[in-house]
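J.: fold the following for me, if possible:
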Amino acid sequence: MANVLIDGFNLGLEKGTGVATYARNLSYEIKALGHDVTVLYGNQSAPSRDKLLREIAFFDSNAGDRPRVLEIAGQVYHAILGPFGHVAKEVPISGQVVSRTYDARMPAYDTILNSTDVFKRANSAFMLWERLSTVSVPQKPDLAHWTYPIPVRIKGVPNIYTLHDIVPLRLPYTTLDKKKTYLSLMRQLDRKADHLVTVSECSRRDLIEVLGISPDRVTNTYQSVSIPAKYADKPEDQVAREVEGATGVGYKDYYLFWGSIEPKKNIGRMIEAYLASKVDAPLVIVGARAWKSEDELRLLNDEIIRFLRITDGDVRTRKRVIQLSYAPFSLLVSLIRGAKAALFPSLYEGFGLPALEAMLLGTPVICANTASLPEVVGDAALMVDPYDSAALAQAIRRIDGDEGLRADYSVRGRAQAAVYSPENYRQRLKDLYQRFT
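T.: Numbering: from 1, shown residues only. This next block holds a predicted model:
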């Protein structure tokens with residue numbers, strides 16, 4: 001049995017990300033392999049000698065809040081100090097703090113550590129020194145598996161980094177990353193990491209062909225897709241009530257997209273295609289607005305997102321596009337189950353977990369035919385050119401008008417999702433870790 005440390009870089013985000021799901025699932029599978037899991041967070045809270053205060057601060061989103069000018073001054077100070085001096089302290093989870101609110105977001109763990117602002121400080125130091133920061137931990141793990149390309153390492157142990165994709169280099173206009181710094185970090189990780197992990201053959205090819213990383217230094221483990229039975233097996237009548245309560249539309253009477261509203265997700269063309277399809281079922285979009293979201297949502301206005309429905313002489317106005325900025329995971333699973341089909345026309349994905357989540361739940365998927373998606377969804381989804389709005393509109397009409405086709409994709413989708421089961425993922429992780437522990 002080994003002790004494996006993973007980072008909480010994305011796990012600390014309140015609404016979560018795809019990488020947060022990856023990190024959380026990774027922690028579950030490490031535990032399932034029989035290993036201990038240590039999770040290193042970088043919350044703002046300063047270390048305290050008082051164990052109770054450390055536990056309180058860990059669950060307090062306001063802990064460590066300080067004026068912006070002092071925060072910037074701190075970042076500058078630690079950047080000048082360089083990539084040293086980061087110390088992690090254990091956060092005792094005693095149960096004194098009532099933390100059930102966070103249960104769904106917590107990873108599997110044996111030990112929780114926190115090093116104040118370590119990820120922000122490491123990024124600041126890297127921009128100045130172009131070196132990875134080191135973190136001192138109370139007890140060295142046998143292996144550190146960083147779930148994202150962050151400029152942090154632990155001395156004296158194997159350090160593995162997951163590089164999900166290189167979208168900032170392949171589609172530079174879709175991200176806010178400083179491309180020179182990002183490329184420098186990728187090259188630094190290639191030199192310093194004991195090994196690199198990625199999540200699809202598409203991403204592995206990119207790392208090898210674009211960055212010139214040696215093939216024997218990159219392992220594709222894919223990732224797993226799983227949804228707790230209490231959500232996935234919820235009675236259909238309960239799902240229907242939740243869906244109608246949240247959106248005002250009926251079960252299997254809408255199309256669904258979920259994810260960040262950002263250029264890479266291709267929301268603008270998706271909305272254009274949906275409106276052009278002229279299907280009756282509304283489009284539900286679940287996601288927080290991110291960079292350039294205004295451009296992606298420019299087609300939405302009161303004139304274009306409503307239509308008239310006439311039933312038995314009753315004329316009602318109904319929204320064509322319904323936006324929810326956030327849905328808790330339990331509701332999101334119900335929304336996926338209740339959709340006529342899921343739309344996922346992303347321009348580029350390193351893996352494409354939302355497509356597999358829909359397939360696992362038996363919801364037909366219309367997705368892009370680019371990057372990793374063809375290898376991930378196989379023949380179990382309707383794929384289209386994400387740059388072709390007319391083709392996407394035609395796909396929506398085709399799915400909308402053919403109940404048999406939807407049923408076929410539902411069956412095939414479940415079978416394809418099973419390929420990415422936790423058991424299969426666990427075996428790939430086991431094979432990888434045995435090389436370093």
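
J.: all strands of the stretch 101-250 of the chain, in order?
T.: Using DSSP state E, counting those that start in this stretch, the strands of the stretch 101-250 of the chain run over 111-114, 133-136, 143-146, 152-153, 159-162, 195-198, 218-220.

J.: in a markdown table, list those along with distance to Gly248.
T.: All C-beta atoms are positioned from the backbone trio N, CA, C, and that covers glycine. Formatted as a markdown table, these follow (distance: least, Cβ to Cβ, whole Å):
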| stretch | distance to Gly248 |
| --- | --- |
| strand 111-114 | 41 |
| strand 133-136 | 48 |
| strand 143-146 | 43 |
| strand 152-153 | 45 |
| strand 159-162 | 40 |
| strand 195-198 | 41 |
| strand 218-220 | 42 |
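
J.: and those strands: which comes nearest Leu347?
T.: Among those, the nearest to Leu347 by Cβ to Cβ is strand 195-198 (18.6 Å).

J.: before we move on, back to that, Asp379: which of the strands of the stretch 101-250 of the chain is closest?
T.: When those are compared by Cβ to Cβ, strand 218-220 sits nearest Asp379, at 20.5 Å.

J.: any idea how far the residue nearest to Thr221 when sequence neighbours are not counted lies from Arg406?
T.: Leaving out its chain neighbours, the residue that sits closest to Thr221 by Cβ to Cβ, 6 or more residues apart in numbering is Arg428, at 4.3 Å. To Arg406, Arg428 is 32 Å away according to Cβ to Cβ, to the nearest Å.

J.: check what pLDDT Asn123 gets.
T.: Note for Asn123: predicted pLDDT of 93.

J.: cool, and the one 4 residues further on?
T.: For Met127, the pLDDT comes out at 91.

J.: that one: neighbouring residues, count only.
T.: Close neighbours of Met127, defined as other Cβ atoms under 10 Å, add up to 16.

J.: I'd like the strands of the stretch 101-250 of the chain laid out as a markdown table, including mean pLDDT and mean neighbour count.
T.: Shown next, in a markdown table, are those (pLDDT from 0 to 100; neighbours: other Cβ atoms under 10 Å):
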| stretch | mean pLDDT | mean neighbour count |
| --- | --- | --- |
| strand 111-114 | 96 | 22 |
| strand 133-136 | 96 | 20 |
| strand 143-146 | 98 | 24 |
| strand 152-153 | 97 | 26 |
| strand 159-162 | 98 | 23 |
| strand 195-198 | 98 | 22 |
| strand 218-220 | 98 | 18 |
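
J.: among those strands, which is nearest Ser48?
T.: strand 111-114 (10.5 Å).

J.: pairing partners for that closest one, with directions?
T.: strand 36-41 (parallel), strand 89-90 (antiparallel) (DSSP bridges).

J.: need the contact partners of the last one.
T.: Defining contact as Cβ atoms under 8 Å, 6 or more residues apart in numbering, one finds that strand 89-90 is touched by 47, 54, 111-115, 138.

J.: could you identify the most distant pair in those residues?
T.: Once Cβ to Cβ is applied, those give Pro47 and Thr111 as the farthest pair, at 15.3 Å.

J.: related to what we said a few turns ago, tell me the most buried of the strands paired with strand 111-114?
T.: Greatest average neighbour count among those goes to strand 36-41 (a mean of 22), per mean count of other Cβ atoms under 10 Å.

J.: give me the mean pLDDT for that one.
T.: 97.

J.: may I have that strand exported as CSV, CA atoms only?
T.: Presented in CSV, the C-alpha positions along strand 36-41 are these (Å, rounded to 0.1, in the frame of the first residue of the first chain):
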residue,chain,number,x,y,z
ASP,A,36,-3.9,6.1,1.2
VAL,A,37,-4.8,9.5,-0.3
THR,A,38,-3.4,12.8,0.8
VAL,A,39,-5.0,15.9,-0.8
LEU,A,40,-3.0,19.2,-0.9
TYR,A,41,-5.2,22.4,-1.0
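
J.: next secondary structure after that strand?
T.: helix 51-58 (DSSP states H and E).

J.: elements contacting that next one?
T.: Applying 3 or more Cβ pairs under 8 Å, 6 or more residues apart in numbering; DSSP states H and E, one finds that helix 51-58 contacts strand 111-114.

J.: and the contacts of the strand it packs on?
T.: In contact with strand 111-114 (Cβ under 8 Å, 6+ apart) are residues 5, 36-43, 45, 47, 54, 58, 88-91, 93, 137-138.

J.: tally of neighbours for the residue lying closest to Arg131 once chain neighbours are set aside?
T.: With sequence-adjacent residues excluded and distances taken as Cβ to Cβ, 6+ apart, Arg131 is closest to Pro83, at 4.7 Å. For Pro83, the count of nearby residues is 23 (other Cβ under 10 Å).

J.: cool, and Asp216?
T.: Neighbour tally, Asp216, other Cβ under 10 Å: 7.

J.: show me the shaky parts of the protein.
T.: 13-16, 46, 61-82, 289-318 (pLDDT under 70).

J.: repeat the analysis, applying 80 as the threshold.
T.: For the chain, the stretches with pLDDT under 80 are 12-17, 45-49, 61-85, 103-104, 288-319.

J.: against Val157, how distant is Pro263?
T.: Counting by Cβ to Cβ, the gap from Pro263 to Val157 is 38 Å.

J.: over to Val39?
T.: 15 Å.

J.: alpha carbons of stretch 83-103, as PDB, please.
T.: Written as PDB, here are the backbone C-alpha positions of stretch 83-103 (Å, rounded to 0.1, in the frame of the first residue of the first chain):
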ATOM      1  CA  PRO A  83       9.900  28.900  -5.700                       C
ATOM      2  CA  PHE A  84      10.900  28.000  -2.100                       C
ATOM      3  CA  GLY A  85       9.400  28.300   1.400                       C
ATOM      4  CA  HIS A  86       6.000  26.700   0.700                       C
ATOM      5  CA  VAL A  87       5.000  24.700   3.800                       C
ATOM      6  CA  ALA A  88       1.900  22.500   4.100                       C
ATOM      7  CA  LYS A  89       0.100  21.900   7.400                       C
ATOM      8  CA  GLU A  90      -2.400  19.100   8.100                       C
ATOM      9  CA  VAL A  91      -6.000  20.100   8.400                       C
ATOM     10  CA  PRO A  92      -7.700  17.900  11.000                       C
ATOM     11  CA  ILE A  93     -11.200  16.900   9.900                       C
ATOM     12  CA  SER A  94     -12.600  16.000  13.300                       C
ATOM     13  CA  GLY A  95     -16.300  16.600  12.700                       C
ATOM     14  CA  GLN A  96     -16.400  19.600  15.000                       C
ATOM     15  CA  VAL A  97     -17.300  21.600  11.900                       C
ATOM     16  CA  VAL A  98     -20.700  20.600  10.400                       C
ATOM     17  CA  SER A  99     -19.600  20.100   6.800                       C
ATOM     18  CA  ARG A 100     -22.300  17.900   5.100                       C
ATOM     19  CA  THR A 101     -22.900  20.800   2.600                       C
ATOM     20  CA  TYR A 102     -19.500  19.900   1.100                       C
ATOM     21  CA  ASP A 103     -19.800  16.100   1.000                       C
END
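
J.: right, I'll leave it there.
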